[in-house]
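*Asks:* need a structure here:
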Amino acid sequence: MKKYATWLMATATIGIGIWVGSSLITTSNASSQLGSADDPVVTKSYVDQQIQKALGGGTSGSVGSTTTNSGTKNNTPTTPVSPPATTPASVTPSPVATPTLTTKVVEIRPGKKLIAAAGTEVIVRTGKAVVYSSDKNGILDLTAGSEMGGSQAIPNNHLLLFPRDGRGVEVAMTQGYNATVLVIGDYKIQ
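*Replies:* Reported below is the predicted structural model:
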């Protein structure tokens, strides 16, 4: 009986120690002050201010010390800061042409191939299609997260990415019906 009482006391002591320790940890985590370095939440104005400092443009806004809803002080400058007087001529940005991607629904007849340009994305919606590749490499199945080699069957509704020119989607001649595909990018039918 004495052994049983000893084990019971040891178990109770360990349990109470764990409970007290977890209570202290919870209390210390809750005591971190809002807006301090321990607080991971920041306001949009603070982020904007830090971005402006990093870009070297300073900050703009109204002067004064304001109090946010959380009770912390937010100091923002009251006078607008003007940008630097001189800027180097080499900094002027040049316009960048962005290609417009077209999205088309294409019907591929049996025996025909859709050859996609590099960077084109294709989704086989209906029908049975296989990967066409002129070399041993294939295309990327982004839905499954795998690479598909030549002549491998393409599952319907999977997003496919063509990393290089000369690869595509083919419908076998023995297939009795068309395959419908959604194409995002440039392609040609052969």
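*Asks:* ok, which stretches of the chain are helices?
*Replies:* 2-30, 44-55 (DSSP state H).
*Asks:* From the contact counts, what lies against the last one?
*Replies:* I take that to be helix 44-55. Helix 44-55 is packed against strand 73-76, with contacts defined by 3 or more CB pairs under 8 Å, 6 or more residues apart in numbering; DSSP states H and E. All C-beta spots, glycine's among them, are computed from the backbone N, C-alpha and C.
*Asks:* quick one on the thing from earlier: which one of the helices of the chain has the lowest average pLDDT?
*Replies:* Mean pLDDT is lowest for helix 2-30 among those, at a mean of 79.
*Asks:* what's near enough to touch Ala129?
*Replies:* By CB atoms under 8 Å, 6 or more residues apart in numbering, the contact list for Ala129 reads 108, 153-154, 169-171, 179, 181.
*Asks:* wait, what's in contact with Gly149?
*Replies:* 131, 133, 136-138.
*Asks:* Looking at the helices of the chain, which is nearest to Leu114?
*Replies:* helix 44-55 (44.4 Å; CB to CB).
*Asks:* Buried residues in the closest one, which are they?
*Replies:* Buried positions in helix 44-55, judged by neighbour count with 16 or more other CB atoms under 10 Å: Gln49.
*Asks:* ok, back up a step: of all the contacts of Gly149, which two lie farthest apart?
*Replies:* Val131 and Lys136 (11.6 Å).
*Asks:* Name the residues contacting each of these two.
*Replies:* 149-150.
*Asks:* for the contacts of Ala129, which one is nearest Thr143?
*Replies:* Of the contacts of Ala129, the one sitting nearest to Thr143 (CB to CB) turns out to be Ile154, at 10.6 Å.
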